[in-house]
Structure formats: structure tokens, C-alpha cells
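S.K.: model this:
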Amino acid sequence: MSTKFWCILFSIFAFFQCDNQPEKLNLEGHWSYKLDPNNIGLIEHWQTLKFEDSIKLPASLRDKGIGYNPTLKTEWTGSIYDSTWYFNPAMKKYRKKDSLKFPFWLTPNKRYVGAVWYQKEILIPENWTNKSLALSLERPHWQTQVWIDTIYVGKQNSLSVPHNFTIQKRIKPGKHLLTIRLDNAIRDLDVGINSHSISDHTQGNWNGIIGNMILSPKYEYSINQIKITPNISNKSIEAKIILNKKQNATLHAEIKINGLNHEHILNTSTFKFDNASSELIATIPMGNHFKTWNEFTPNIYEIVISLKKNESILDTKKEVFGMREFKIEGKHFKINNSPISLRGTTECSVFPLTGYPPTDEASWARIFRICKSFGLNHMRFHSYCPPGSAFLAADKAGIYLQIEGPSWAKYSVDLGNGKPIDNYLMEETKRIIDTYGNHPSFCMMAYGNEPSGDYVPYLENWVSHFKAYDPQRVFTGASTGRSWSIIENSDFIVRSPPRGLEWKDTQPESMFDYRNKTENQDRPYVTFEMGQWCAYPNFDEIKKYTGALKAKNFELFQEDLKDHHMADQAHDFLMASGKLQASCYKQEIEATLRTPNLAGFQLLSLNDFSGQGTALVGVLDAFWDEKGYISADEFKSFCNDVVPLIRLPKYTFYNNETLTAQVEVANFSGYHLENTHSKWELVNDQNDVVQSGNFKNKSIPLGKGNTLGAINIPLNFISKASKFTLKVSIGNYTNSWNIWVYPKTLYHIDTSNVHITKTLDSKTKQVLNQGGNVLLLTAGKVENGKDIVQYQTPVFWNTSWFKMRPPHTTGILIKNEHPIFNDFPTDYYADLQWWEIGNRQQIMNLENFPASFRPIIQPIDTWFLNRRLAMLFEAKVNNGKLMVCSINLDAIDDTKPVSKQLYHSILKYLTSDNFNPNDAISLDIVSELFEQKERKVWNSYVSENP
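M.R.: This is a model prediction of the structure:
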């Protein structure tokens, strides 16, 4: 072929290449990088250098194994509130260089805090000549500076929104070097070392870029922002279009709207900008058949706005919005004029494979799908703002979001004292609203979590400013516990008083609610961080940690449990503690739904929290997977848009009493339940219905406190100790409660062959030497274990974070198949009837017993200590048989039906042929439990962090 032919062919190829130049460059892929631990790169002008090492972005450094190994001297980003681990001799083996195991949080394979320089050679297309360029970096962590070749572009430091840079018109087509300096160290700006936006407790203060990395051309005029305001009553939206600058040309906005997850398309509209204006406000009718957005019908729209000069399109921008109005009426929230009750969880940026929140929609869609399956409709983001994909997934799922600024300004910084954080949070809040404000799921906002300093006037100003700036959502100053001041101009309150269970001194019942803690407020009150009840660690979870973070904390707890000779009981501890945890959540959630003026709750949380000493407060693990002790359907029976409720003064009865319960309904289904059939059933352990009844069909309006009627069940048909389940059904919604009934009159048991005593005196020893049977009642006399405090409720958050604040146990493991319980119905865990015989009872520490020894009733210790505990055990001692009980069965009267029945069942067992313990132990081991001497107890060693 001739040279001329090749020239023509090349010209044709070049023409088509030019005509099809990309509208944007995806910068994902290989970048070179250079660590700057001594922070000298700016001084030495590293933007002029070429870097040798390579990394594939988006990613964090630790995803690629880049950084330094954690050591004892690592300076973590986060408070180590309990530094016992650094000094406790028992933890020495976990402090060794090659086997470090931190209990505080998940441990990164590698860790790097400081500046890193990233560099990539890019090719600017010919058709981008004389255009400005837009660089967008989604979720860099967290302070960026950018150079194109050696030309400085600018810097940004948002923890919440993409970093967007404009590169002015001076870049020629061809190859160029793009350099990004990324710094994750706290410099002048400190948002708070425990803030979930940066803390090692959650994210792990990683360095990298994890979302979209896009370079694109910009015309002289472009769209900076679109702000959509729906108006349901007028059947329209207002679209405010803000350009990058004032214009002196004739520009138009062509607007298209269509349903994104439903079929509704509107005609294209065109609006003209006023000359010399950078804004256009367009009112667009949505027609008579538009679809609204809420938790039940999460219909969303996409608006596409094209900025045009004559017929040329200069810029196109898309936004998602929903036709919804989230308002406040009195003490309640309303969505599109329909009352709602928030049933939420707190998301703390717990993502155990990476540490950082995902930027893909599918990951968030899974999380919200799980939340909905557990009956939730709300999520609070604790001291951080999620990526845009979370908003879109919440839009589609129908989840009401409370977003927070990236700050917990308490431990290392404070508000209102002129520090850089004061201005930063004003700027960051505006960035969050401007970036994500069109999403219908974005309904509520707070500055962040529990501040310190002169925060009241600061947050009053913050609230006033953003209420005026953004009427699309409602604002509260901060999410706080009970000791923080209320920011009086807040639209709503998120605070902790309306939570908790008063079981320390009062038996469980379902009469109580939280109205006495909410009546003094004239605005919606949402419960802050409700629950925080712990379950024992699930060590099967360890194998899931296949990413950059490892569950060394779980490994430590597992090894420690093995050192205490109970490794085989780990799963049983999980299940028994989990059942108690779930019971506590049920009681609190139902109390919230019984409280007339409580606008909702935010759990902490549905899933486990990996930091702050390891807080295993979720009924789901850190991966949002079920642990095995409660399913989504079981949880949803008491946490749903419609929940049957009872007001019952107690759960334990004598058979000469009448069970009387008032029945009511919380209905937040979005509509009245018309002519709904409702019924109740009393079901025995074999799932047979033994009593039942119907309520009169009626219309159940929206809201709380809708009464159905009363249940009255005389219990005289029951002759032996029994467990029942009381079920109430309203249409397809069913809730249930366990009930225990005991005979008032018990037959006499001849105990002449059992020596019943309170002390190991000479008489007791003689009986044992002679082969007799002994019941040793030790309540009030235990020395080895008397420092251990047990309530009916489990550990709150964890004993490490609160330095062994009681209670110390996470429930009770019970050998329920043991014949000692033949006349005492019980499961393998401490259900509500155990309050009378478990709450604030003495516990025996069996650490000196043989390694294989297992008690009958075994409290589950905090996983930081893993002591082998007991409330009831049996053993062969000398020639006799011994039963030891630390439960107070001494002063039994008719006010204690559970204690009375347990004592009866114990005596019946001791006088039967079944009493034949397997384990033989020495009397000295038993005697040691009651010896008064100096003992090794928990020691914090220091009062401050290392």
C-alpha cells in the first residue's frame, strides 16, 4: 500500500477519535505514591518529583498492606479510656511484639497517619483545549492538596462530601502529571479523636481515596448546585439552579423529570436565566398523578437539567428528589401530614472488612434491607456523614436519616471557644446540605455527638443559621446523654433520659413507660442511644475478618476464656447472653411504643460496635449478620409499624390469681386499620392453646395508646409450675410475652435425710464424712466472688469502657435439662422469671475448682475477665454429696413465688435418687469460697491513659 493511503486512513481514524473524545476521565487504576511521615514533602516540593512505589486506587493504604505494624508505642486516634491492658500482668503475653492483641478495637494489619503523595500521569484530550477542568475525589481521607504538573490547584479538608477542584484554562492537551497530597493526621483542625469520622474506634484513621475519582472538562458556564424544594399541596417543585458565576450570555435550562423507581414522566420544561444572574428559580408542576415518598412508598424522581447556550449544551447535572414534606406537629414528626414514629439504629461507621463506609449503593441497600426486616425505619449517623450512595439507597428503601457533622467535640477539642472547629463545622454543615440536601431520606440533622466547651451559644447559633438556610429538614443542636444542656431552639431533641430498665430494684413488668421524662418538652423527643445491652462475643465471627482489620480483640477474649478452662462453653455463653439481651431490647422498645409523647428511639445499635473496648451491643454482628438467638421476624414482632402491646403488672403469678392485662396498639402503618380482627391466646410449652378470646372489631387510628380492651384469665386451672406464652394478634401483626404460673400451695417434702445449713461447720463436715446429703445455703456469706455484681440486665456497653461499672455479668447459663429443674420450668437462659432469684444475688467464683468442673447455674462473666462463676453447683465431697446455693432462699414468703418454687424443686431433687453428682472435689476448695482473706480483684492499675 502507498504512503498516501496510510495518511488518509490515519486522518480518518484521527477524526473519529477526536469526535469521540471522552466526556470525563476515570482516574481509577495505578498511581505512584510516596509516604511523607516527617511531613517534609511541601518544603522539598515533592510535586516536582517522580514517585517509584505503586498503588491501585480507589483504596486505603492498609487495604494494600502499606504502612507500619501496630506497636505498644503506636499513637492511636482515639481515647483509651481503660488502659488496664498496658499494665495488667495477665495481659503480658498479648503485649509481645509478635503477638500483639489489643482489646480496644479492631487491629489494622498496617497503619499510617500522616501525609502521603499520590501521582498519576494523565492524558488531556484535544477537545478539552481551552476548557477548565473539574477534578472530583469522593471520600478522600481527609485533607487534600492538588497540583497539575507543578501548578498548585488548591486544598480541601471535608470529611463528608467529595473534594471538587477546578483547574483553570491553562492546561494544554497531552500528558500531564496530577499530584495529590493526602494527609490524615490531626493538624490545626481537630474534630475530636473519638469522632466516628476519623477514630481508630471505628474507621481506623485510614489514608487513601475510596470513591469515584473523575476528571472532566468544564465550559465557561456550568451548574454548581441544584436545590429542589417539593410542594405537595401545590403539586409542584421549586428548582433553584445556581451557576458557577454570573453570566453575560443568553442561557437556558432544559429540565427533564422522570420517576427513577416508578413510571411517571413529565414533559420537558425550558427556563431562561435573567441576564447577569447566576441563579434561576423554576417552578415546575408535577401534575395530578405524582407519587409521594415515605417509608412505605419510597418513590423517587430524577431531575436532569441541561444548561444551554443557543442549542449547545454547556453542562448537564442530575439530582434525585422525592415528593415529601417532613414536618413537626407538636411533639410528633409527620411525613406528608401522616404521623410517624422513628424506630432507628445508630450507624457508627462500623465496617469490619475495610473500616471505612462503602461508596457503592449495593452495600448500603443490603444494610437498609436488613434494617427494614427488623422493623426499623430510621438511622442516625453518629458523628459522621455517609457517602452519597447511602443517601440514594435510603431513598429507595424508605429510611429516614439523621445526618451529623463529622465531630464528637469532647475529648480532644471543644466548641465555642474560637478553635478552628467552630468555623469548620459551619462550613462542613453547609457542604453536607448543599451536596446531599435533595435526597428525600435526609430528614434530620445534628452538629454531631456530645460536645464540650461553651457549646450552648455556639449550637444555638448553628441551629438558627441552618434552620433559616434549609427549611427542607429539621435540626437539633447535638445528640446527647442526660448531662448535656438542651439547645432550646432545636426543632427536636435527641437525648438519653427516656430509656433504661428499672430492674435493679423493681421486678419486670410492662406497665411502665417514659412519659415522666418527656412531658416537660413541647417538641419531638427521640431517645438517644437506647439499649447498649451486651451479649458475649461470638468467636465464630473471627474467621470473617478477611480484610485490612483483624479481630485481635476477639482472639484475646477467646484465648483468655480458654485459659480459664471454659473454651467449650463459648457458644452457650453467646446464646444465653443473647437471649437476655434480646429480652431487654424488647422491654425498652415496647415501653417506648407505650409512651404517648415519645417521637421515637435510636438504638445503639442493631449491630455490634467494634471499638471503645469492644461493645457487643447488637443483636446482629458487625457484619450485619444474625448471631442465632433472635431472628428478624422475632424482633419485628415488637418493633414494627404496627405493634400489639400489653400493660401487665408482672410476669410471674400464683395459680390462685387472675392474669389481667390491658391491651393497646401502636399504629404507624400510614393508614387506619379499619374493622380489624384482634384476638388473644394463652399457649403452653407444647404450643397448645389453653385459653383464648376475641376483641371487638374496631377501627384503629394512627398513633399510640389505641386501646383494644382487657384480658382476664383466672389461673386456677393450672396445677403445677408452668410456662405459658400470651399472644395478641391484630390482623397479621402478632406480639407475645412469656408468663410463669406457680402453685400457691406446695406439698411437704420430707428433708430428714438432707442436712440444710448456712455454714461449713463441724456438723456439716461430719455429715459429709459419713456419706450424707448436704444443702449449703451461702447467700450473704460468699467471699470469693462478692466483688462481682449481677443484675437481671446484662453489661451496659462494656465493662472496660466504664472501668468495671456494674453489672459485671451478661446473663446466666442454666443446665435446664438437669433433674433439679423438674419442678421448675426454665430455659437455658435467665428469662424474666429469674429476676427474683438472679438479680443482685451473690455469685461464687470457682476459679480454684478443677478445670472441667461446671456448675448448674452459671453467671456469664464480662469477657474481659472470664471468671468461672456459679450460683448453684453440686459435687461429691468426702463420702457425701453436697449442693451449694448462693441464691437467697432463706427468707421465702408468699411474695416470692419463684424463689419458693425453686427451693421446692431443689429439695425434691435432693431427696430423690437423682441426686448423684458426677464431680468429686475436696472440701478445702469449697471452704475457700467463704474464707475472709485478701483476694486478687480487678485493678485498673492507672487512672489515666498510657
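S.K.: Helices along the protein, start to end?
M.R.: 3-19, 361-373, 388-397, 420-436, 455-469, 552-563, 570-594, 632-636, 762-769, 835-838, 897-910, 923-928 (DSSP state H).
S.K.: and of those helices, who's closest to residue 643?
M.R.: Proximity of the helices of the chain to residue 643 was assessed by C-beta to C-beta; the nearest stretch is helix 570-594, lying at 5.4 Å. Where you see a C-beta, it was placed from the backbone N, CA and C, and this is true even at glycine.
S.K.: circling back to that earlier point, output the helices of the chain in CSV; the columns should cover mean neighbour count, distance to residue 121 and mean pLDDT.
M.R.: Rendered in CSV, the data for the helices of the chain read as follows (neighbours: other C-beta atoms under 10 Å; distance: least, C-beta to C-beta, whole Å; pLDDT from 0 to 100):
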stretch, mean neighbour count, distance to residue 121, mean pLDDT
helix 3-19, 10, 19, 39
helix 361-373, 18, 31, 98
helix 388-397, 23, 28, 98
helix 420-436, 19, 30, 98
helix 455-469, 18, 42, 98
helix 552-563, 20, 39, 98
helix 570-594, 23, 53, 98
helix 632-636, 16, 50, 98
helix 762-769, 16, 86, 97
helix 835-838, 23, 68, 97
helix 897-910, 22, 76, 98
helix 923-928, 16, 74, 97
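S.K.: got TSV for those helices, with distance to residue 300 too?
M.R.: Shown next, in TSV, are the helices of the chain (distance: least, C-beta to C-beta, whole Å):
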stretch	distance to residue 300
helix 3-19	35
helix 361-373	13
helix 388-397	5
helix 420-436	14
helix 455-469	24
helix 552-563	40
helix 570-594	29
helix 632-636	25
helix 762-769	75
helix 835-838	48
helix 897-910	53
helix 923-928	68
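S.K.: I would like the residues contacting stretch 68-77, please.
M.R.: Residues external to stretch 68-77 that are found in contact with it (C-beta atoms under 8 Å, 6 or more residues apart in numbering): 86, 95, 97, 100, 102, 104, 107-108, 110-113, 186, 193, 198-200, 205.
S.K.: returning to what we had before: which among the helices of the chain is found nearest to residue 753?
M.R.: Among the helices of the chain, helix 897-910 comes nearest to residue 753, with 8.5 Å by C-beta to C-beta.
S.K.: Residue 145 and residue 154 touch, don't they?
M.R.: Yes - in this structure, residue 145 is within contact of residue 154 by C-beta atoms under 8 Å, at 7.4 Å.
S.K.: Looking at those two, which is more packed in?
M.R.: The residue with more neighbours, out of residue 145 and residue 154, is residue 145; 22 against 14, by other C-beta atoms under 10 Å.
S.K.: What residues does that one make contact with?
M.R.: Applying C-beta under 8 Å, 6+ apart as the definition, the contact partners of residue 145 turn out to be 152, 154-155, 180-181.
S.K.: List only buried entries from these.
M.R.: 180-181 (16 or more other C-beta atoms under 10 Å).
S.K.: Filter the contacts of residue 145 down to just the ones in strands.
M.R.: 152, 154-155, 180-181 (DSSP state E).
S.K.: for these, which one is nearest residue 504?
M.R.: Among these, residue 155 lies closest to residue 504 (C-beta to C-beta), at 53.2 Å.
S.K.: circling back to that earlier point, out of the helices of the chain, which gets nearest to residue 730?
M.R.: helix 570-594 (13.0 Å).
S.K.: Please name whichever of the helices of the chain is nearest to residue 622.
M.R.: If you check each of the helices of the chain against residue 622 by C-beta to C-beta, helix 552-563 wins as the nearest, at 10.0 Å.
S.K.: Next, the angle from the closest one to helix 570-594.
M.R.: Compare the direction of helix 552-563 with that of helix 570-594 by axes from the mean of the first three to the mean of the last three C-alpha atoms, to 10 degrees and you get 120 degrees.
S.K.: Give me the contact list for helix 552-563.
M.R.: Here helix 552-563 makes contact (C-beta under 8 Å, 6+ apart) with 90, 94, 100-107, 537, 539, 541-542, 567, 569-570, 610, 614, 863-864, 866.
S.K.: One more pass at 7 Å, please.
M.R.: Under the criterion C-beta atoms under 7 Å, 6 or more residues apart in numbering, residues 94, 101-103, 105-107, 537, 539, 541-542, 567, 570, 614, 863, 866 lie in contact with helix 552-563.
S.K.: Of all pairs in these, which one spans the longest distance?
M.R.: With C-beta to C-beta as the measure, no two of those lie farther apart than 105 and 567, at 23.5 Å.
S.K.: Looking only at neighbour counts, state which of those two leads.
M.R.: Higher neighbour count among residue 105 and residue 567: residue 105, with 26 against 14, using other C-beta under 10 Å.
S.K.: Now that one: closest residue in space that isn't a chain neighbour?
M.R.: Leaving aside its sequence neighbours, residue 105 sits nearest to residue 611 (C-beta to C-beta, 6 or more residues apart in numbering; 3.9 Å).
S.K.: Low-confidence bits of this structure, can you list those?
M.R.: 1-22, 944-946 (pLDDT under 70).
S.K.: Centre-most residue in it?
M.R.: With distances taken as C-alpha atoms, centre = their mean, the residue of the chain nearest its centroid is residue 605 (3.2 Å).
S.K.: before we move on, back to that, for the contacts of helix 552-563, which one is nearest residue 785?
M.R.: Sorting the contacts of helix 552-563 by how near they are to residue 785, with C-beta to C-beta, puts residue 866 at the top with 13.8 Å.
S.K.: my guess is the closest one contacts residue 565, does it?
M.R.: No - with contact defined as C-beta atoms under 7 Å, residue 866 does not reach residue 565; the gap is 9.5 Å.
S.K.: can you pull the contacts of residue 667?
M.R.: Contact criterion C-beta under 7 Å, 6+ apart gives 642, 673, 700-703, 706 as the residues in contact with residue 667.
S.K.: ok so, going back, report the buried members of the contacts of stretch 68-77.
M.R.: The neighbour-count test (16+ other C-beta under 10 Å) marks 95, 100, 102, 104, 107-108, 110-113, 186, 193, 198-200, 205 as buried among the contacts of stretch 68-77.
S.K.: out of the contacts of helix 552-563, which are inside strands?
M.R.: Reading strands off those with DSSP E, I get residue 107.
S.K.: Give me the neighbour count for residue 547.
M.R.: When neighbours are defined as other C-beta under 10 Å, residue 547 has 16 of them.
S.K.: Please tell me how far the nearest residue to residue 465 once chain neighbours are set aside sits from residue 624.
M.R.: In this structure, residue 465 finds its nearest non-sequential neighbour in residue 426, 7.1 Å apart by C-beta to C-beta, 6+ apart. Going from residue 426 to residue 624 by C-beta to C-beta, to the nearest Å gives 34 Å.
S.K.: Could you do residue 541 as well?
M.R.: Here residue 541 is placed at a distance of 12 Å from residue 624 (C-beta to C-beta).
S.K.: just residue 475 next, same as before
M.R.: As judged by C-beta to C-beta, residue 475 and residue 624 stand 29 Å apart.
S.K.: give me the number of residues near the nearest residue to residue 165 once chain neighbours are set aside?
M.R.: Ranked by C-beta to C-beta, 6+ apart and with sequence neighbours excluded, the top spatial neighbour of residue 165 is residue 135, at 4.2 Å. The burial count assigned to residue 135 is 24, neighbours taken as other C-beta under 10 Å.
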